[in-house]
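Enquirer: Just to be clear, the model below is a prediction. Sequence and coordinates:
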4 protein chains.
Amino acid sequence: MRQRDDNKRLALLEATLELVTEQGFSATSVAMIARRAGVSPGTVYIYHADKDALLIATFLDVCDRLIDTAIEQVDSRLGLREQLRRVWVALFEVAVESPRLFRFHDMFSHSAWMTDELTQRNDQRLAPLLDAVAEGQRQGVIKSVELSLLEAFLFRPIHHLVQSRGCHPFSPSRANIDMAFAMAWDAVALDHRASSPESTP
Amino acid sequence: MRQRDDNKRLALLEATLELVTEQGFSATSVAMIARRAGVSPGTVYIYHADKDALLIATFLDVCDRLIDTAIEQVDSRLGLREQLRRVWVALFEVAVESPRLFRFHDMFSHSAWMTDELTQRNDQRLAPLLDAVAEGQRQGVIKSVELSLLEAFLFRPIHHLVQSRGCHPFSPSRANIDMAFAMAWDAVALDHRASSPESTP
Amino acid sequence: MRQRDDNKRLALLEATLELVTEQGFSATSVAMIARRAGVSPGTVYIYHADKDALLIATFLDVCDRLIDTAIEQVDSRLGLREQLRRVWVALFEVAVESPRLFRFHDMFSHSAWMTDELTQRNDQRLAPLLDAVAEGQRQGVIKSVELSLLEAFLFRPIHHLVQSRGCHPFSPSRANIDMAFAMAWDAVALDHRASSPESTP
Amino acid sequence: MRQRDDNKRLALLEATLELVTEQGFSATSVAMIARRAGVSPGTVYIYHADKDALLIATFLDVCDRLIDTAIEQVDSRLGLREQLRRVWVALFEVAVESPRLFRFHDMFSHSAWMTDELTQRNDQRLAPLLDAVAEGQRQGVIKSVELSLLEAFLFRPIHHLVQSRGCHPFSPSRANIDMAFAMAWDAVALDHRASSPESTP
DNA sequence: GATGAATGAGTGTTCATTCAT
DNA sequence: CATGAATGAACACTCATTCAT
């Protein structure tokens, strides 16, 4: 009896990540994924029920890697602004190192495979960060607006900047990232003069 | 490929828009699009070179409808803030009326079909708006940062808010849209005290 | 616009008949059937929803050919015995000419594809013959027993004799067929001395 | 391929019998059979060379159970008619108790796996019964016709009646079985008046 | 121009079989 | 002996595309 091989499992997720970000969902066949992962097409179906399940598993893996990166920076002993700044920096570092993570996340979350169920699962894993933000709202540090608005100005910009290609590139230098975060903070902070003086020189 | 019947041309674009937003790119076959448009599969190839060309044509059509909506609001006699506010409101009205336009735009622009060439084309058509923004930078009204940063806080949020489904919905009431725009303006404006006093009560 | 080609339709049924009787259901692939019929695999799916539908269509075609052969011999001006004898002879002639018809019929009707719905359809088409038999029961010419018993002795023997291969072959000479029918008649007839004197010399 | 565990061997035959009669040959996979039998797919290949061998072994097992049932009733001290009547009754009792045996037998013997070799093997095991019949022919009790004809009227009807489903069911009451056998006897017996007076009232 | 039957390469998936454990 | 993960050839079926009508 052979044991289920964790290397194969990971190789399948990695191959899916690579091929989908290179060619798109429909242009990536199961056979291509299997070859890239160094396994037989049939083996894919030992680890995943079907192609959809493989794509979803890859998405969840990608989400976990991004969410873990963000959550690691949450430290309630620090101020909210500092915590969020660290999250931004950490995510940009991941983006530079593994640009495919953000690319896959964006492709999948704008595809027909995305469901509310998946969104909820990710929100649960993001709870520490969302809690810190909610606490900030309670303390009057940031605006008391719908979560969708905070997402739009606090988290989505990361995806946009990280993906920006060709025409309007974003160069992720430390200074640029700091400026980007300052803008995000200006958008959501209640009192700009006190909390982000450096953004209004 | 020189067409006669403009009704057929438009029916094909509309059918593509509907089916792709309902089922996704790979689940939408040329035969389905043809049936929905009330033509034969062969007819699709009179109007478009292949399936990719049909998808791109639909994307361009969608972009034009959105860009036209935005550009119509540009009026150099108004202040930049007011111009941008009008763009936001107009786009949200479109989103409420034809949610498919934004959905298709986002699906396509995060897919493997998206190219820099298409981005450039759209930027050219957006020139009046981008020029107004550049002028605002020159006059010290908004921050002098890379275009990608302005996009991230001035235009992307519209897409995010308009698409937000299920868990964290954004209710596009007039007050909510105004608040959302105020946050965008806070992010990009140089001097918050003067330009958006209502956002820092 | 090309018209649906009846030659192709018939070629598919014939190819299915041939290959299934040669190799069995599971060993016969759609691709093999298509090649034998001189069409592309995809064409099969223009004429039939799936492989099951093709097999069922072939079965119905085979049934119709056998049923028509039998029904043609029904002539209410003749005595029941003579009518049935003609049915037997006609079916044996078909069996000699196209042995595949009976082979396919037997393979299919003993397979997992067989349904009561199909049995009923065939019974409806066999109505004239079944009516003649019922009339014979009413007139006291044949035994008043369940239909399944009449089938077992009046019709099934044809299938058995026609299929008998290898070890215990049945040579379908005129004399043999007459003897076989005489035995069937002896089984079902009410009064043997009058109706089939030649079988009890 | 030398087995140890007779429970596993029998469980495999039983699982095959069940699954094939429920789903058909092609819909029944080796993995399904193994699961039903409570063993691993690999184990199947310790007891049988391949899937075909497993199906054939199941067929032979089924045949033996049916043939043994028939042979047990052969008793040369009784008249041929009585011996055959007992065979009929015994087989119908088996059919009521284990309908799968006849179903599998019929499915297999009408499939592409059936060979003359298998028929011969069964005929050898049936020798006592066939001998009794031959003796009956020699003594002028039954008609001196080809074996295929005797099969068609003496043995096949059992299969037909036992399988008859849905539309034209055969209810295997004692009276019905006796009537059925009487018809079979009428078909093959030389002199009806003497041997089966009850069938010609 | 318009049709839709026809194509055939390509897809996702299954499954009989093998073999390392 | 027994296992079940792994294989890869084969399968049923789809679909973008072509072309005779």
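Expert: Received the coordinates, thanks.
Enquirer: what residue is smack in the middle of chain A?
Expert: Centroid-nearest residue in chain A, with C-alpha atoms, centre = their mean: residue A:66, separated by 4.5 Å.
Enquirer: hang on, isn't that residue packed against residue A:101?
Expert: Yes: counting by C-beta atoms under 8 Å, residue A:66 does reach residue A:101; the two are 6.0 Å apart. From N, CA and C alone the C-beta is placed, and that goes for glycine too.
Enquirer: Identify the contacts common to those two.
Expert: residue A:94 (C-beta atoms under 8 Å, 6 or more residues apart in numbering or on different chains).
Enquirer: which ones are touching residue A:36?
Expert: Neighbours of residue A:36 in contact, by C-beta under 8 Å, 6+ apart: A:15, A:18, A:19.
Enquirer: Could you rerun that using 6 Å?
Expert: Listed by C-beta atoms under 6 Å, 6 or more residues apart in numbering or on different chains, the contact partners of residue A:36 are residue A:15.
Enquirer: any residue of the lengthiest helix in chain A up close to chain B?
Expert: As assigned by DSSP state H, the longest helix anywhere in chain A is helix A:51-72. No: for helix A:51-72, no contact with chain B is found by C-beta under 6 Å from any C-beta of the partner chain; the gap never falls below 10.0 Å.
Enquirer: Which neighbouring elements make contact with that helix?
Expert: If you count contacts as 3 or more C-beta pairs under 6 Å, 6 or more residues apart in numbering or on different chains; DSSP states H and E, helix A:51-72 packs onto helix A:6-23, helix A:80-97, helix A:99-109.
Enquirer: With distance to residue C:24, mean neighbour count and mean pLDDT as new columns, can these be given to me in CSV?
Expert: Formatted as CSV, the helices and strands packed on helix A:51-72 follow (distance: least, C-beta to C-beta, whole Å; neighbours: other C-beta atoms under 10 Å in any protein chain shown; pLDDT from 0 to 100):
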stretch, distance to residue C:24, mean neighbour count, mean pLDDT
helix A:6-23, 37, 18, 97
helix A:80-97, 57, 18, 95
helix A:99-109, 45, 20, 96
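Enquirer: Adding distance to chain D, write those out as a markdown table.
Expert: Output for the helices and strands packed on helix A:51-72, formatted as a markdown table (distance: least, C-beta to the nearest C-beta, whole Å):
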| stretch | distance to chain D |
| --- | --- |
| helix A:6-23 | 19 |
| helix A:80-97 | 42 |
| helix A:99-109 | 32 |
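Enquirer: To residue B:144, which of those helices lies closest?
Expert: helix A:80-97 (20.7 Å; C-beta to C-beta).
Enquirer: The closest one packs against which elements?
Expert: Checking 3+ C-beta pairs under 6 Å, 6+ apart, helix A:80-97 ends up next to helix A:51-72, helix A:127-138, helix A:174-188.
Enquirer: And the first one, how far out from the chain middle?
Expert: A distance of 8 Å separates the centroid of the chain from that of helix A:51-72, by C-alpha atoms, centre = their mean, to the nearest Å.
Enquirer: So for it, mean pLDDT?
Expert: What helix A:51-72 shows for mean pLDDT is 98.
Enquirer: swap in the second one?
Expert: Averaged across helix A:127-138, the pLDDT comes to 95.
Enquirer: repeat for the last one
Expert: Helix A:174-188 shows a mean pLDDT of 95 in the predicted model.
Enquirer: by contact count, what packs against that helix?
Expert: Taking 3+ C-beta pairs under 6 Å, 6+ apart as the contact cut, helix A:174-188 packs with helix A:80-97, helix B:174-188.
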